[in-house]
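**Student:** A predicted structure for the sequence below; I have some questions about it.
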Amino acid sequence: MKIEENHIQNVNNNDLKSHNDHFDFLSNSLNNKGVDVNNIVKKLQEFQVAIPSWALGAGGTRFGRFSFYGEPSNLEQKIQDVGLIHSLTQTAGAVSLHIPWDIPEDYKAIKEIASGLNIKFDAVNSNTFQDQKNAKESYKYGSLSNTSEAVRQQAIQHNLDVINIGDKLGSKSLTVWLADGSCFPGQNNFQTALQNTENSLKEIYKGLPNDWSMLIEYKPYEPNFYSTVIQDWGTSFMLANACGDKAYSLVDLGHHLPNSNIEQIVSILMLKGKLGGFHFNDSKYGDDDLTVGSIKPYALFLIFNELVYGMQNNPQNPDLAWMIDASHNVKDPLEDLIQSLEAIQEAYAKALLVDQNELKIAQQENDVVKCQEILQNAYRTDVRPLLEKARLNAGGALNPIKAYRSLDVRNELIKERGKNTVATGL
Ligand code: LRH
Ligand code: MN
Ligand code: MN
């Protein structure tokens, strides 16, 4: 299935008048405050987020998996699904692949499908947290940190293979997330595990093309519940520094202990020029992978406030790889991703409304109340008409969920692909 622009326009027509009324009202009041509304709309139009290939099927937990049917069962179909989301939102112009879940069979064909849908290949993810079919060595007791040299070598080689696959597709970064750690005290020597990991990452780094970056993801626990080798941003930062200029930390919003100040982590990594990428999701308890903005939208706004500040003030930090990492059981996965994209754009637009100069003065004067007012005024503004305008300008849907439903996308996919579909991946 492909959504044509005129299909979207037909759906948009019903809501055009109400959109124009809301947009005019908001842009007048923002213009009166000196906000450059057109510039914000342009920034929203440019902002693209990669869809993870593993989120396109209904996610599962280890207790079960409930299909939404019509899910993609191969890479071609996954990219087609990203194309559907992109045509509605005009915000999902990239896909992030997980290897070996998504090894292309025909590179030329995959690249053609992607470029026909305006989709780029963002970071490729390696996977040394599962044993692969016919693999000689097992990752049961770790991969890059393993005490066995043969296991470490196999894991290093896998990462080099992933770089090679990504290179053929036009990717420019490798994301490494390790499940390595221990389940019980005494099981691992912390120092040996970290040292092995550093040495292994350095080997992978040597195989990185010049214009690539390596993104090192951290997570405090799960699947190991006593210790994790790359447990926090400090460890990731330390390893990125040990590897070199092309290595960076990757922040996944769900990979923190409760109440961590993620916005401060983001800010400090950008100051040091070491924030390379982002996995958006939301959580109540741990690595819940819930829809972005569904639980803590104010925290998301505060994170974006630091990202916007960093993008304006930290030229030492590279452009970020923006990715979603969310998936679960009870929503149509495409609708879920559309909601995540909307929440990301909303938080970004609100952060762009923060008057950084006014905030700086209030901070210098220690006017704590004013500082809070500045942030909360921006947060309380309903910016959705700006998002609508950005999508409209780019040929997208005023209301992507509404358009998705009125175009009956899921049923069309079920007609095409049938009911017995199983998405590969988690
Ligand atoms: C680990 C993680 C990591 C993986 C993805 C499937 O929890 O966030 O990014 O690659 O999930
Ligand atoms: Mn992640
Ligand atoms: Mn995760």
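**Tutor:** Good, I have the coordinates. Numbering: from 1, shown residues only. Ligands and ions are numbered 1, 2, ... in the order given.
**Student:** and the chain, which of its residues are near ligand 1?
**Tutor:** Contact residues (Cβ under 6 Å from any ligand atom) of the chain with ligand 1: 54, 125, 177, 217, 219, 252, 279, 287, 325, 426. All C-beta spots, glycine's among them, are computed from the backbone N, C-alpha and C.
**Student:** Please tell me how far the nearest residue to D232 once chain neighbours are set aside sits from ligand 2.
**Tutor:** Using Cβ to Cβ, 6 or more residues apart in numbering and skipping the chain neighbours, the partner closest in space to D232 is Y218 (5.4 Å). Between Y218 and ligand 2 the distance is 10 Å, computed by Cβ to the ion, to the nearest Å.
**Student:** Give me the lowest-pLDDT entry from the residues of the chain next to ligand 1.
**Tutor:** pLDDT across these is at its lowest for L426, which sits at 55.
**Student:** elements contacting the host helix or strand of T175?
**Tutor:** Assigned by DSSP states H and E, T175 belongs to strand 173-176. Here strand 173-176 touches strand 120-125, helix 149-169, helix 190-206, strand 213-217, strand 275-280, going by 3 or more Cβ pairs under 8 Å, 6 or more residues apart in numbering; DSSP states H and E.
**Student:** try 6 Å this time
**Tutor:** Packing contacts for strand 173-176, counted by 3 or more Cβ pairs under 6 Å, 6 or more residues apart in numbering; DSSP states H and E, involve strand 120-125, strand 213-217.
**Student:** Please spell out which residues along stretch 60-77 are buried.
**Tutor:** Neighbour counts over stretch 60-77 (16 or more other Cβ atoms under 10 Å) mark 60, 68, 70-73, 75-77 as buried.
**Student:** Could you do stretch 312-332 as well?
**Tutor:** For stretch 312-332, by 16+ other Cβ under 10 Å, it's 314, 317-318, 320-328, 331-332.
**Student:** of the residues you listed, the lowest pLDDT goes to which?
**Tutor:** Within those, pLDDT is lowest for H328, at 77.
**Student:** Tell me if I am right that A114 is in a helix.
**Tutor:** Yes: under DSSP: H, G, I helix; E, B strand; the rest coil, A114 sits within a helix.
**Student:** quick thing: my sequence starts at 417, can you match it?
**Tutor:** Yes, from this point I'll number from 417; that puts the last item at A530.
**Student:** Am I right that it is in contact with I495?
**Tutor:** Yes: with contact defined as Cβ atoms under 6 Å, A530 reaches I495; the gap is 5.3 Å.
**Student:** Alpha carbons of stretch 748-759, in PDB - could you do that?
**Tutor:** Taking C-alpha atoms only, stretch 748-759 is exported to PDB below (Å, rounded to 0.1, in the frame of the first residue of the first chain):
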ATOM      1  CA  ASP A 748      -1.500  -0.600  16.400                       C
ATOM      2  CA  PRO A 749       2.300  -0.100  16.000                       C
ATOM      3  CA  LEU A 750       2.000   2.400  13.300                       C
ATOM      4  CA  GLU A 751      -0.500   4.600  15.200                       C
ATOM      5  CA  ASP A 752       1.800   4.300  18.200                       C
ATOM      6  CA  LEU A 753       4.800   5.600  16.200                       C
ATOM      7  CA  ILE A 754       2.700   8.400  14.900                       C
ATOM      8  CA  GLN A 755       1.800   9.400  18.400                       C
ATOM      9  CA  SER A 756       5.500   9.300  19.400                       C
ATOM     10  CA  LEU A 757       6.500  11.500  16.500                       C
ATOM     11  CA  GLU A 758       3.800  14.000  17.400                       C
ATOM     12  CA  ALA A 759       5.100  14.100  21.000                       C
END
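**Student:** mind checking how far it is from the chain centre?
**Tutor:** Centroid displacement of stretch 748-759 relative to its chain, using Cα atoms, centre = their mean, to the nearest Å, is 12 Å.
**Student:** Now stretch 598-607: buried residues?
**Tutor:** Those buried within stretch 598-607 under the rule 16+ other Cβ under 10 Å are 598, 604.
**Student:** Now do that stretch: everything it contacts.
**Tutor:** Contact with stretch 598-607 is made by 640-643, as judged by Cβ atoms under 6 Å, 6 or more residues apart in numbering.
**Student:** Quick one: mean pLDDT for that stretch?
**Tutor:** 98.
**Student:** What of stretch 641-660?
**Tutor:** Rounded mean pLDDT across stretch 641-660 is 98.
**Student:** Is there contact, residue-wise, from it to ligand 2?
**Tutor:** No: against ligand 2, stretch 641-660 shows no contacts by Cβ under 5 Å from the ion, the least distance being 12.1 Å.
**Student:** distance between the ends of that stretch?
**Tutor:** This stretch, stretch 641-660, spans 30 Å end to end (Cα to Cα, to the nearest Å).
**Student:** what does stretch 511-529 give?
**Tutor:** Terminal-residue distance, stretch 511-529 (Cα to Cα): 12 Å.
**Student:** buried stuff in it?
**Tutor:** For stretch 511-529, by 16+ other Cβ under 10 Å, it's 511-518, 520, 526-527, 529.
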